[in-house]
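Fold the following.
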Amino acid sequence: MTMEEEKLYDLAFLNKISGGDPAFIKEMISTFKEIAPEYIQKAERLLKEQAIETLSKETHRIIPGVSFLGAKELEADLMLIEEYTKKNTNLEAIPALIESVGDKIDRLIQMFDRDFNEAQ
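Take a look at the predicted model:
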């Protein structure tokens, strides 16, 4: 991975709503790092149990936090999962989407750890 590696997030919105408050931004990142891996475990379990409606609700709950972090690619995958589960269509695409979401979450957490541990 190079220094030119594309950022998977954009904190412009968080900076704007928090007035650039670093404590608030760190709190949002910390919350994401806590809930995102739990979401993946829950999503995989719900999919296995065919609890599609519950998966839709869980996915809906995590989207705003991802939006605040400006994680556009991750948000797009989550919105597809939510759309498919809400409409009960394209369910065969969901396992790959969940895998993609898990990968993006892992990469985001690594990026946050790198960017914010070095900066502090």
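
mind listing what residue 50 touches?
Residue 50 makes contact with no residue under the criterion Cβ atoms under 8 Å, 6 or more residues apart in numbering. C-beta: built from backbone N, CA, C; applies to glycine.

SS state for it?
Here residue 50 is recorded as coil under DSSP: H, G, I helix; E, B strand; the rest coil.

Any regions of the chain where pLDDT drops low?
For the chain, the stretches with pLDDT under 70 are 1-5, 118-120.

Can you tell me the closest non-neighbouring residue to residue 44?
Closest residue in space to residue 44, ignoring its immediate chain neighbours: residue 98 at 6.1 Å, by Cβ to Cβ, 6 or more residues apart in numbering.

can you check residue 80 too?
Residue nearest to residue 80 in three dimensions, not counting chain neighbours: residue 97, with 5.8 Å by Cβ to Cβ, 6+ apart.

quick one: the host helix or strand of that neighbour to chain centroid distance?
Residue 97 belongs to helix 94-119 when elements are defined using DSSP states H and E. How far helix 94-119 lies from its chain's middle: 8 Å, per Cα atoms, centre = their mean, to the nearest Å.

So the residue nearest to residue 44 sits against residue 47, correct?
Yes. With contact defined as Cβ atoms under 8 Å, residue 98 and residue 47 form a contacting pair (6.4 Å).

Which one's more surrounded, the two?
residue 98 (21 against 18; other Cβ atoms under 10 Å).

contacting residues for the more buried one?
Contacts of residue 98 by Cβ under 8 Å, 6+ apart are 40, 43-44, 47, 81.

what sits against the residue nearest to the spatial centre of the chain?
Centroid-nearest residue in the chain, with Cα atoms, centre = their mean: residue 66, separated by 4.7 Å. Neighbour list for residue 66: 32, 36, 74-75, 78 [criterion: Cβ under 8 Å, 6+ apart].
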